[in-house]
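> I need the structure of the sequence given here:
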Amino acid sequence: MKPIFAAAIVAALALPAQASEDIADQYPQSELYEKPVEVIPHVFSAIGATAPPTYENSGHNNNLSFILTGDGVVVINGGASYRLAKALHDEIKAVTDQPVKLVINENGQGHAMLGNSYWAEQGVDILAHVDAIHEIEEEGDFILQGMQGYNRDKAEGTTVAVPNLSFEDKHVVEMGDVTLEVLHLGPAHGPGDTQVWIPQWGIVIAGDIAFHERMPPIFPGSDTDAWIDTFDGPFTDLGATYVIPGHGHPTNMAQVKRYTSDYLRDIRAKIGEHLDNGGELADAYYIDQSEWSHLDTFEELATKNAGRVFEEMEWE
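Have a look, this model is predicted:
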């Protein structure tokens with residue numbers, strides 16, 4: 001990549017992108033929420049809504065990315081349904097004749113893996129971390145039912161398809177002109193969080209370790225202290241120039257640090273002070289998070305996050 005072109009991309013990514021929580025669908029002719037864009041040469045991403053999954057956005061509320069290697073396509077995230085995966089494949093076929101050879105699930109959540117049923121039907125290998133596979137095996141039917149509830153007819157054809165390939169810490173994919181490092185860098189947002197790092201291009205498809213346009217959701221049982229350690233340690237140490245987060249537009253490390261590990265540090269500090277003052281759970285929900293109120297899904301997540309961090313830190 002020419003230095004001038006790379007510098008222009010970095011400058012563009014540093015600017016705040018317009019999040020889209022209030023726009024139901026930005027690509028009405030497709031079940032995809034947005035048409036895929038070429039983030040850097042050979043790396044595309046269909047950016048999902050920053051809102052919760054709905055019928056209007058077809059469950060496309062995360063980023064569905066793909067990489068043209070010269071000898072095949074690698075897709076990151078199976079999608080939230082059979083039909084959504086097919087819609088992504090239609091877009092891939094519009095930009096390349098290279099066949100899809102591998103799908104990587106960034107975690108075991110529905111929007112990452114329910115579209116596996118389409119890709120498995122195409123005979124494509126599907127890779128996920130062992131912990132994500134365990135989640136799919138244990139929770140897949142429940143997750144599918146939730147998707148069927150909001151997606152109704154758009155859930156047609158979707159079944160739970162467990163990935164046929166697994167990894168633990170690192171899985172290297174050499175395909176065409178590209179070497180991909182599929183990584184599990186440590187505890188973060190959820191079980192089996194996976195990052196796809198392409199050192200030769202300086203880009204990481206980060207998954208849900210990194211947020212910047214919507215509030216990070218903290219799950220029951222999340223270890224936010226470990227999430228900070230993973231983010232500020234091995235994830236930051238990658239030295240990525242470009243970041244495609246799990247949700248929201250492509251950006252850079254400074255942005256995702258601000259809205260991920262800085263946010264987690266802030267909420268932990270405020271809950272810690274609340275605990276030190278003898279505060280109880282009922283009041284913890286209302287700690288001051290106004291600094292983050294401009295983030296999408298703030299209304300849905302802020303109080304839940306506070307309660308979950310209280311329950312976590314109460315026993316630390």
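> Run a quick neighbour tally on Lys86.
Summarising burial for Lys86: neighbours were counted as other Cβ atoms under 10 Å, giving 17. C-beta: built from backbone N, CA, C; applies to glycine.
> Need the nearest residue in space to it, chain neighbours excluded.
Excluding its sequence neighbours, the residue lying closest to Lys86 (Cβ to Cβ, 6 or more residues apart in numbering) is Tyr118, at 5.3 Å.
> hang on, the one you found in a helix?
Yes. Residue assignment for Tyr118, taken from DSSP: H, G, I helix; E, B strand; the rest coil, places it within a helix.
> What residues sit buried inside the helix or strand harbouring Arg83?
With secondary structure defined by DSSP states H and E, Arg83 is part of helix 82-95. Of the residues in helix 82-95, those with enough neighbours to count as buried (16 or more other Cβ atoms under 10 Å) are Tyr82, Arg83, Leu84, Ala85, Lys86, Ala87, Leu88, His89, Glu91, Ile92.
> Check stretch 238-250 too.
Buried positions in stretch 238-250, judged by neighbour count with 16+ other Cβ under 10 Å: Leu238, Ala240, Thr241, Tyr242, Val243, Ile244, Pro245, Gly246, His247, Gly248, His249, Pro250.
> Could you list the alpha-carbon positions for stretch 217-224 in PDB?
Written as PDB, here are the backbone C-alpha positions of stretch 217-224 (Å, rounded to 0.1, in the frame of the first residue of the first chain):
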ATOM      1  CA  PRO A 217     -22.500  -4.800  26.600                       C
ATOM      2  CA  ILE A 218     -21.300  -6.400  29.700                       C
ATOM      3  CA  PHE A 219     -22.700  -9.900  30.100                       C
ATOM      4  CA  PRO A 220     -23.600 -11.800  33.300                       C
ATOM      5  CA  GLY A 221     -20.300 -13.400  34.400                       C
ATOM      6  CA  SER A 222     -18.100 -11.100  32.400                       C
ATOM      7  CA  ASP A 223     -14.700 -10.400  33.900                       C
ATOM      8  CA  THR A 224     -14.200  -6.800  33.000                       C
END
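> Can you name the residues in contact with that stretch?
Residues from elsewhere that reach stretch 217-224 (Cβ atoms under 8 Å, 6 or more residues apart in numbering): 187, 189-190, 264, 267-268, 297, 301, 304-305, 308-309, 311-312.
> farthest pair in those?
Taking Cβ to Cβ as the measure, the contacts of stretch 217-224 reach their widest spread between Pro187 and Thr297, a distance of 21.9 Å.
> how close does Val196 get to Glu138?
Computed with Cβ to Cβ, to the nearest Å, the distance linking Val196 and Glu138 is 24 Å.
> if I pick the residue positioned nearest the centre of the chain, what's in contact with it?
By Cα atoms, centre = their mean, the mean C-alpha position of the chain lies nearest to Gly246, the distance being 2.1 Å. Residues in contact with Gly246 (Cβ under 8 Å, 6+ apart) are Asn62, Asn63, Glu106, His189, Ala206, Gly207, Asp208, Ile209, Ala210, Phe211.
> Mind doing that once more with 6 Å?
When the contact criterion is Cβ atoms under 6 Å, 6 or more residues apart in numbering, the partners of Gly246 are Asn62, Gly207, Asp208.
> repeat for Gly307
For Gly307, the contact set (Cβ under 6 Å, 6+ apart) comprises Tyr285.
> at 7 Å what do you get?
Counting by Cβ atoms under 7 Å, 6 or more residues apart in numbering, Gly307 touches Leu281, Ala284, Tyr285.
> just Ser65 next, same as before
If you count contacts by Cβ under 7 Å, 6+ apart, Ser65 has them with Val43, Phe44, Ser45, Ile76, Asn77, Ile205, Ile244.
> Just list whatever residues bridge to the last one.
Under the criterion DSSP bridges, Ile244 forms beta bridges with Ile205.
> and the closest residue to Ser45 other than its chain neighbours, what are its bridge partners?
Spatially, and ignoring its direct neighbours in sequence, Ser45 is nearest to Ser65 (4.2 Å; Cβ to Cβ, 6+ apart). Each beta-bridge partner of Ser65 is listed here: Ser45, Ile76, as defined by DSSP bridges.
> Distance of Ser65 relative to Tyr242?
Distance of Ser65 to Tyr242, given as Cβ to Cβ: 12 Å.
> and the lengthiest helix in the chain, which residues are buried?
If each helix of the chain is counted by residues according to DSSP state H, the longest one is helix 130-151. Neighbour counts over helix 130-151 (16+ other Cβ under 10 Å) mark 131-136, 139-140, 143-144, 147-148, 150-151 as buried.
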